[in-house]
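# One predicted model, sequence on top.
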Amino acid sequence: MSLPTPLALQDSRYAPCKSGNPLSQEIWLLHGYASHQDDLFGFAPYLSKEFAIRSLRATHPLDFGGYAWYALSFDDQGIRQTNEEEAQASMERVAEALRWHAEAFPEAPRPILMGFSQGGILSNALRTRYPDLVRGIAAVASYFPVEWSCLGQVASNLPHWAAVGTEDGVVPAHMSLPSYETARVIHGMDVDVHTYPMPHTISPACFTDLLQWFRQVSA
């Protein structure tokens, strides 16, 4: 009997690995704020030669279009505020889907998470709570949300790769780089951080290095 598809995957995009191996390494893509599941799925033609790809859609629809994993707001001083309750609920939803994958495909490797911007922030946080459900985590144009009270305290040696754009005006390097250092000092989490001269995007050089990291982790 097939297992019911979890909520996090019901609106996802899927591309099987072109090798035809049903137990191929899967990469799960988590898009950024105000985006959707089709955005990062544009990388599928370049990744599906070696991996199976699932691109998830975030939980909350936005009035101006796209979706968010959690709401963002700004206080009177212009400081960005995160709805941690929604962030935690989104983490639980992704974790539910990861558990489904483990049960539905017990012989397959655990998925690798790759998140961009808000999707990368959520992926970083997932490491602190559910490292046993994934094979590795990659975060691009993101930061480690060390200020979240919903972070777990699970120590792990999980492969973790991050890309920071030195020209990123949305998640600037002066915010990203210290957050990963704090994660190392406070949470004991080593993250392989790379910087690129790119704005809030995934540059060709960044993608080339990311693909190489996928290969190393899945080997």
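Received it, and whenever you're ready, just let me know what you need.
# pretty sure T195 contacts E167?
No: using C-beta atoms under 8 Å, T195 is not in contact with E167, being 10.1 Å away. All C-beta spots, glycine's among them, are computed from the backbone N, C-alpha and C.
# Straight-line length of stretch 132-139, end to end?
18 Å (C-alpha to C-alpha, to the nearest Å).
# ok, and what's touching that stretch?
For stretch 132-139, the external contacting residues (C-beta atoms under 8 Å, 6 or more residues apart in numbering) are 25, 95, 98-99, 102, 109-116, 120-121, 123-124, 126-127, 156, 158-163, 210, 213-214, 217-218.
# of the residues you listed, buried ones?
Buried by 16 or more other C-beta atoms under 10 Å: 25, 95, 98, 109-116, 120-121, 123-124, 126-127, 158-163, 210, 213-214, 217-218, out of these.
# Out of those residues, list just those in strands.
112-116, 160-163 (DSSP state E).
# Name the surrounding residues that touch the longest helix seen in the chain.
Assignment by DSSP state H gives helix 84-104 as the longest helix of the chain. The contact list for helix 84-104, computed with C-beta under 8 Å, 6+ apart, reads 2-3, 5-9, 26, 28, 30, 56, 58-60, 69-71, 108, 110-111, 113, 122, 125-126, 129-130, 133-134, 145, 148-150.
# Considering the ones in strands among the buried ones among the contacts of stretch 132-139, which is situated nearest to D38?
Of all those, D38 sits closest to F116, with 13.0 Å by C-beta to C-beta.
# what sits against the closest one?
29-32, 35, 39-40, 139-142, 202.
# what does Y33 give?
Per C-beta under 8 Å, 6+ apart, neighbours of Y33: 66, 68-69, 72, 117-118.
# Just to be sure, which of these are found in strands?
68, 72.
# List only buried entries from the contacts of Y33.
Buried, going by 16+ other C-beta under 10 Å: 66, 68-69, 117-118, out of the contacts of Y33.
# could you redo those as TSV and give each row distance to P178?
Output for those, formatted as TSV (distance: C-beta to C-beta, whole Å):
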residue	distance to P178
G66	28
A68	24
W69	22
S117	18
Q118	19
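# ok, now how distant is V191 from L98?
20 Å (C-beta to C-beta, to the nearest Å).
# Residue nearest the middle of the protein, spatially speaking?
The chain has G115 as the residue nearest its centroid, 2.6 Å off, counting by C-alpha atoms, centre = their mean.
# how near is that residue to K18?
Separation of G115 from K18 (C-beta to C-beta): 24 Å.
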